[in-house]
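Enquirer: Everything below, folded, please.
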Amino acid sequence: MAITLTDSAADRIRTFLAKRGNGIGLRLGVKKTGCSGFAYVVNYADEIGADDVVFEIDDVRVLVDRQSLELIDGTQIDYVREGLNEAFRFRNPKSTGECGCGESFSI
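Expert: Numbering: from 1, shown residues only. Next comes the predicted model:
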């Protein structure tokens, strides 16, 4: 099982954590919602939970709960800027489709 980061995503996460002043990494999860079924949930991680799987990528920790990992295993996280917009993008090999707005995905 694996989650990977592009260099751009790793740099952005390090910047967010430094600006925040604390935290041990990025928490990535999934919730059932949206027009396509699931949505990614991204937050700061302040501690490692008993159900978390920890990935260490370029000195950045990504924590994923085991239930979410079943749906996003193999996902690559990228950070992109398009004009004035910037966001994390997820390349999930298990995804069979996304909604038009890109906020949710189906498996």
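
Enquirer: now the helices for the chain?
Expert: For the chain, the helices defined by DSSP state H occupy 7-20, 66-72.

Enquirer: deepest of the ones you listed, which one?
Expert: helix 66-72 (a mean of 17; mean count of other CB atoms under 10 Å). To be clear about C-beta, it is placed using only N, CA and C from the backbone, and glycine gets the same treatment.

Enquirer: Please name every helix or strand in contact with that helix.
Expert: Helices and strands touching helix 66-72, by 3 or more CB pairs under 8 Å, 6 or more residues apart in numbering; DSSP states H and E, are strand 25-33, strand 52-57.

Enquirer: Give the rounded mean pLDDT of the first one.
Expert: Along strand 25-33, the predicted confidence averages to a pLDDT of 91.

Enquirer: between the helices and strands packed on helix 66-72, which gets nearest to Arg89?
Expert: Among these, strand 25-33 comes nearest to Arg89, with 12.7 Å by CB to CB.

Enquirer: Surely Arg27 and Ala45 touch.
Expert: Yes. Using CB atoms under 8 Å, Arg27 makes contact with Ala45 at a distance of 4.0 Å.

Enquirer: list the residues that contact both of the two?
Expert: Leu63 (CB atoms under 8 Å, 6 or more residues apart in numbering).

Enquirer: Of the two, which one has the most company?
Expert: Using other CB atoms under 10 Å, the more surrounded residue of Arg27 and Ala45 is Arg27, with 22 against 19.

Enquirer: what's near enough to touch the residue positioned nearest the centre of the chain?
Expert: Residue closest to the mean C-alpha point of the chain, counted by CA atoms, centre = their mean, is Leu28 at 4.3 Å. Shown in contact with Leu28 (CB under 8 Å, 6+ apart): Ile3, Tyr40, Val41, Val42, Val62, Leu63, Val64, Ser68, Ile72, Ile77.

Enquirer: Great, nothing more from me.
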